[in-house]
Every structure is written in structure tokens, then in C-alpha cells.
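1. dropping a prediction and its sequence here:
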Amino acid sequence: MYTMDTDDTLPPQRAAVLAFLRRELAAGRAPSLAEVAAAFGFASRNAAHKHVQALVADGLLEQLPGRKRGLRLPGGGVELLPLQVLGRVAAGVPVGADIGLDRQLWLDPRVFSPRPDYLLQVEGDSMIDDGILDGDLVAVRRSADARDGQTVVARVDGELTIKRLQRERRRVRLLPRNPAHAPIEVHPGQDFAIEGVYCGLVRQG
């Protein structure tokens, strides 16, 4: 059951629901009524619905009509961007990414550049000098090409890695940002493709 410090201006349980929703929405997660009910041990979604509607009526939350996960923080004026977590990407030795992670986050598109298409969860520490840590969710824009020096998600022999791209006249290298890791040399004829460019990250608490 979820507990958290409450807002003294509201009944304690409603204040706890508000605190929970603020935390989840700020982290890019828009809970359903069923998830609110589960977090607080409510017997049904009706109790969660009652609290949520009261908070919307008080102007403490906004609800987009016709959406199961349409809650958002008031005053933002920004349409949140739904991004699916499609798998994992290695910050180290390449790993397979298609492992069936099935999550969707609703995020403020203004925190990314360019606008991303999906998220991948990072495994490893090869990009720590660029602030990309193990467990982070990296936002990726689909692209089959990238400029020299850009951070990219690349597929090497069927597996994914995130690295800085280095293009030279006769070769391509994927550079880590941790001196403990060696660059990945892409050889002529090797199975290699750029899957997308890095747009930013979400750090999970």
C-alpha cells in the first residue's frame, strides 16, 4: 500500500492520493484508476475515481477527456508525449534488445531534442562520462543515419549498443565514454546499422 507525506489542506487520504499522483506524473507515468486503487488498497476503482474527480474539481489535477490515462499536472499546457519502452540497450558489450519490456511513459516533449520515438533501458557503464548511467531510459529518434560525433543506438551483429559515432574515411568506430571500455571497430561487411540517434534520458528514481 502506498503512503506519503500529505497536504494538510485536504483530507489525509485525498492528500495522499494527490501526492502519489504528483510523483507519478512528474516521473512521466499516468496511473489508471485501477493502479491508484491498488496503490492505496481500495476495494474498487470507484473510491479512486471519487478522489481523482474531487482533485480535478479543486483544480489540483487536469484530466484529458476520453483517455484512460488522461491525468496531468495543472498549468503545464503541454500535451504529453507517450513513449514506449521497447527493450534494453547495452552501454558496454552489445546485448539483444527485444526482451519484451512493455511499459509506456507520458513525458514532456520539451525535455528532448530532437523529438524521440521510443525509449530503451540502459545496461552497463560505458557511457558514464556523458551522464548516461546503468538503468537510465534513453530516448531515441529513429534514423538510419547520423553525423560524426553523435551518440547513436547501433545494431552490431544483431545486438544493440549505445555509443558515440566516429566516422573516418575507411572505417566506422563506436566510442564508449568510459576509459575502462574499448571502442567497437566496425569491419567492412559486418552486420551493422544505425537504429536511431540519442535525444535525452529519463532517470528512474
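-> That came through, no problem.
2. can I get the helix or strand of the chain with the lowest mean pLDDT in CSV? Just the C-alpha atoms.
-> Ranking every helix and strand in the chain by mean pLDDT, DSSP states H and E puts strand 103-107 at the bottom, with a mean of 80. Below are the C-alpha coordinates for strand 103-107, written out as CSV (Å, rounded to 0.1, in the frame of the first residue of the first chain):
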residue,chain,number,x,y,z
ARG,A,103,5.9,0.0,-20.4
GLN,A,104,4.7,3.4,-21.6
LEU,A,105,5.6,6.7,-20.1
TRP,A,106,3.9,10.1,-20.8
LEU,A,107,6.7,12.7,-20.9
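3. and the nearest residue in space to His187 that is not next to it in sequence, what does it touch?
-> Computed as C-beta to C-beta, 6 or more residues apart in numbering, the closest residue to His187 that is not its neighbour in sequence is Arg171, at 8.0 Å. (Each C-beta comes from the backbone N, C-alpha and C, glycine too.) By C-beta atoms under 8 Å, 6 or more residues apart in numbering, the contact set of Arg171 is 185-187.
4. quick check on Arg171: phi, psi?
-> Torsion angles at Arg171 (phi, psi; degrees, to the nearest 10) stand at phi -160, psi 160.
5. in terms of pLDDT, where does it sit?
-> Note on Arg171: pLDDT of 89.
6. please apply the same query to Arg147.
-> 94.
7. thought it was touching Arg164?
-> No. Taking contacts as C-beta atoms under 8 Å, Arg147 lies outside contact range of Arg164: 10.8 Å.
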